[in-house]
Each structure stands twice: as C-alpha cells, then as structure tokens.
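Undergrad: Sequence and computational prediction follow.
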Amino acid sequence: MTVFLLQGIYHACFGLSYLVALLLELGRLARPAAAWRATGLAFGVLGLAAHTFYILVHKTDPATPSGSMLLLSWVLACFYLHGTIQHAKQAWAVFVLPVVILLVALSHALSRPETTSAGFDFPTWASGDRFWGAIHGFLILFAAIGISVGFVASVMYLVQARRLRNRVNPGQVVPLLSLEKLEAMNRHAVARSFPLLTVGLLVGTLLLRHDHSLSDNWLSPKVLTTAGLWVVFLVLTYLRYGTSVPPRRLAMLSIVAFGLMLIALGTAHPFATGGSQ
C-alpha cells in the first residue's frame, strides 16, 4: 500500500506539472505575453522529465491497462512539446494537454497496489506468451498513438470548422491549423493506426487461452471493445478512401474511436495472468 501511495504521488507530480502548463497556456490566450508561453513550456518539460523518470524506474508494462495509459500519455506529452514549439502561433497545448492529463489520471486509477513495483529494474520478456504479450501491447500502443493524434486533429477540425461557419474574425481568436492540414493529419493517423491495430488484434487472438471458456476469451470486455474499435477503423478507412463523406462526419467517427480506445485500454487482457492483469 505504501508503494501504491508513492505511485500516486509520482503521478500527481507530473500530472500537476502538465495541469499548470495547461493553465498557463490558457492564461496566454486571455492575455498574450511571451512569459506565459515560456513558463508553460518550462512546466511541460519538468512534467515530461518526471514522467520519463517514472517510466524508467518502474516496470511500465504496455500489456497492462495502467501501463498502456501511462506510456500513451508520455508519447502525447512529447507530441505536445514538439507541436507547441513547431506551431508556436497555434493553441496546440490547449487541445493536447487535456488528453495527456486524462490519460495520466486514468493510469493511476487503473493501477493496482499489488502489481506496483519500484527499483531500477527493466521489464524482461520471457519466451512464449509473455513475449508475444509484449508485442501485442506495443502494437496496440502504437495504434493508440495514431488514434489519439486523430482525435486531437478531429477536435481541432470541428472547432476550426465552427469558426469558419460562424465567420469568426481570425484576429479575435487564437489561430489553428487550416482545415486541410487538420484533415490530412487525421487521415494519416487513421492510415497508420489501422494496420498496427489489425496486426495487434491478430496477435492478441493467438494469445487467447484455449483452456478458458468462451466468455473469458471472445466475449471478454477487452476483446469485444478492441474488435469494436477495429470495426470502427475499418469503417473510417472505407469512408476515407471509398466514398465522399464530409470530413466533419469522419472527425466525429474519429472521436468515437478514441472513446472506444480508452475503454479497450482500460480493460484487462483475458490472456494475462498474475501480475500482468
């Protein structure tokens, strides 16, 4: 239990750093000043440093719900810093940091006291199921990165489309990327995520235990939500390349896919045993 409490403190350290960075970015939108951006970036870097240290020190397993959320939030935190520096005039952090903070909170909420370990130990993958479980976890993680990027791009797209539809004066709001760039970002995210998700799902299917019942395997929440996510992406891919569906509908479907992804990542693997659950 003591280790679990320490884990909560660690999560709070980098989670609150990201939160302060977000608040400073919102302050910059209200009253533009260079100090807001510089201070916000400093807190973002501190949060990412603490986040990285925690991942390196603890056994962050991508095959666990908590570990997958934590690793995904780390990648998106890097995405936030890179995008904030590269797109300095856009409100990048306002859209990415809330997703990072949400994933950090979910990671802690899904962690288990009995599976938490500390020390400078790195996970070692044994042969058999544990090795392929790691492969499955990383494939789903990489697919989740693309899904999250598509989600952020979709939210930005809907906000920008609403601005243009309402003829909002660009000088009165913080500029975003153009609709064409945001639509392309979402399209690339879908194109890269779908094959990773497909292969990850196939590997996960091979890991289903034959000695478990039907409900423990194919009807488990993890399998059903992941399969549902794959179907949504199949529809997204078809609509993206096979029809002329308006980009707004595709953006809404990408948001639905993100919600399904959170459910899929948050449920335990049916093939996991012991500390891997």
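TA: Perfect, thanks for sending it. Numbering: from 1, shown residues only.
Undergrad: what are the ranges of the helices in the stretch 151-277 of the chain?
TA: 179-207, 221-242, 247-266 (DSSP state H, counting those that start in this stretch).
Undergrad: mind checking which of those is nearest residue 46?
TA: helix 247-266 (26.0 Å; C-beta to C-beta). In short, each C-beta sits where N, CA and C put it, glycine included.
Undergrad: Taking helix 221-242 as reference, get the angle to that closest one.
TA: Here helix 247-266 points in a direction 160 degrees away from that of helix 221-242 (axes from the mean of the first three to the mean of the last three C-alpha atoms, to 10 degrees).
Undergrad: what helix or strand does the nearest residue to residue 265 once chain neighbours are set aside sit in?
TA: Closest residue to residue 265 apart from its sequence neighbours, by C-beta to C-beta, 6 or more residues apart in numbering: residue 68 at 4.9 Å. Assigned by DSSP states H and E, residue 68 belongs to helix 65-86.
Undergrad: That helix vs helix 247-266, what angle?
TA: Using the same axes, to 10 degrees: helix 65-86 against helix 247-266 is 140 degrees.
Undergrad: buried stuff in the helix or strand that helix 65-86 is followed by?
TA: Counting by DSSP H and E, the next helix or strand C-terminal to helix 65-86 is helix 92-110. Across helix 92-110, burial judged by 16 or more other C-beta atoms under 10 Å covers 92-97, 99-101, 103-104, 106-108, 110.
Undergrad: contacts for helix 92-110?
TA: With C-beta atoms under 8 Å, 6 or more residues apart in numbering as the test, helix 92-110 has contacts from 7-8, 11, 14-15, 18-19, 21-22, 25-26, 29, 40, 44, 51, 65-67, 69-70, 72-73, 76-77, 79-80, 83-84, 148, 151-152, 155-156, 174, 262, 266.
Undergrad: Which entries within those meet the buried criterion?
TA: Among these, the ones that count as buried (16+ other C-beta under 10 Å) are 7, 11, 14-15, 18-19, 21-22, 25, 40, 44, 51, 65-67, 69-70, 72-73, 76-77, 79-80, 83-84, 148, 151-152, 155-156, 262, 266.
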